Every structure is written in structure tokens, then in C-alpha cells.
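[1] how would this look folded up:
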Amino acid sequence: MRAVLVALALALLALTALPAAAADCPALLDHEMRILRSKESANLCERYTGKPLLVVNTASYCGYTKQFKGLETLYQAYKDQGLAVAGFPSDDFNQEAGSEEKTASVCYVNYGVTFDMYAPIHVRGKDAHPLFKGIASQTEAPGWNFYKYVVDREGRVVAAFPSGTRPEDETLRAAIESVL
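    I've put the predicted structure just below:
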């Protein structure tokens with residue numbers, strides 16, 4: 001009888017913990033995103049809740065594409081302190097590759113990206129993915145490729161940087177360090 005009561009108590013505890021865990025997910029991160037060149041998806045809540053995050057909209061054929069190298073360097077410098085970096089390719093500015101295979105090659109082969117990259121999405125306008133609509137509601141929509149958004153552990157956008165801000169920029173690094 002005692003074992004049954006213990007099991008029941010544990011089951012009840014598990015059930016009451018589930019809504020609390022879901023409630024802890026910031027609305028900004030409450031999305032499933034398909035991973036670049038994969039059939040697998042990632043739950044952004046599971047992956048990033050409670051972590052400092054740098055969100056970047058990317059493109060394979062942009063004058064700023066070389067920033068992938070700096071973003072990877074930035075990720076390597078701060079990942080042990082908890083920073084996650086998430087790249088979201090987009091053709092909203094007509095500079096993304098025509099296939100995910102090519103996008104993946106640019107990211108992974110040409111620039112050695114190891115941070116998270118997702119399947120192409122819209123990042124601005126009426127067709128923007130809800131993630132970027134949420135970002136825009138807190139700050140501004142991307143004005144071009146390689147806009148960078150620093151998101152704190154609670155899912156709030158605390159800083160936005162335009163395309164011309166290089167990953168090596170001290171103000172970008174200071175914003176990242178403020179959320180570590």
C-alpha cells in the first residue's frame with residue numbers, strides 16, 4: 001500500500017511540474033524550428049530557455065556573409081559561459097541560396113559554422129515567422145541580412161545590432177557579456 005501511495009504522489013508531482021515547465025518558456029522561444037538540411041526539428045524552448053542567446057538572420061550571398069566566420073569565433077569564445085547562437089537563413093532580401101544544400105555548404109563547409117542553423121524562413125513583413133515577429137515587437141525587424149539580436153535568459157531582446165555591426169564589435173560583445 002505504501003508503494004502505491006509513493007507512486008501516486010510521484011505521478012501527481014510529475015503532472016503538476018509539466019505546466020510549470022511550459023509556463024517557464026518565454027513566448028519568444030515557443031516554437032518548433034526545422035534544422036537546416038534536416039528533417040529533424042528543434043524546440044526552441046527546450047534548447048534555449050534559461051540561456052543567453054544571439055539570434056542572427058543570415059544569407060548565403062550577401063556582402064555580410066563573411067560575418068559567419070566572426071559569428072563562429074564569437075560562439076567559440078562564449079559558449080562555455082552558456083551563450084547559444086542561432087542562425088536563421090532568409091531570402092527576404094533576395095540573397096539566399098536556392099537550395100538548403102547550398103545554404104548548408106556555405107555555412108558548414110565554407111565557414112565552419114558549428115552553432116545552430118535552421119531552415120530558411122521569412123524574417124520580416126506579414127509573412128515573418130512568429131519568432132521574428134516577436135523580435136520585431138520588442139525591438140525592430142531586420143533591415144537587412146545579418147541583423148543580430150541579443151536575448152537574455154528570460155527571452156527578452158535586450159539589444160539589436162544592424163548588419164554593419166561586425167561580430168568583433170565591442171558594443172555587441174558588451175551586450176552579450178551583460179546577459180551571460
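
[2] Without its sequence neighbours, what residue ends up closest to the most centrally placed residue in the chain?
    Centroid check for the chain by CA atoms, centre = their mean gives A86 as the closest residue, at 3.3 Å. Setting aside the residues directly before and after it, A86 is nearest to D116 in space (CB to CB, 6 or more residues apart in numbering), at 4.8 Å. Quick note: C-beta positions are derived from backbone N, CA and C, even for glycine.

[3] next one: phi and psi at the one you found?
    Summarising the backbone geometry of D116 under the convention degrees, to the nearest 10, its torsions are phi -70, psi 130.

[4] residues near it, how many?
    Summarising burial for D116: neighbours were counted as other CB atoms under 10 Å, giving 19.

[5] ditto for the one 5 residues further on
    Residues lying near I121 (other CB under 10 Å) number 20.

[6] residues contacting it?
    33, 88-90, 129, 131-132 (CB atoms under 8 Å, 6 or more residues apart in numbering).

[7] cool, and S178?
    Taking CB under 8 Å, 6+ apart as the criterion, S178 is in contact with 150, 158.

[8] That one looks like it's in a strand, true?
    No. Using DSSP: H, G, I helix; E, B strand; the rest coil, the assignment for S178 is helix, not a strand.

[9] Would you mind measuring from it to L172?
    According to CB to CB, to the nearest Å, S178 stands 11 Å off from L172.

[10] who touches both of those two?
    Any residue near both S178 and L172 by CB under 8 Å, 6+ apart counts here, and that gives V150.
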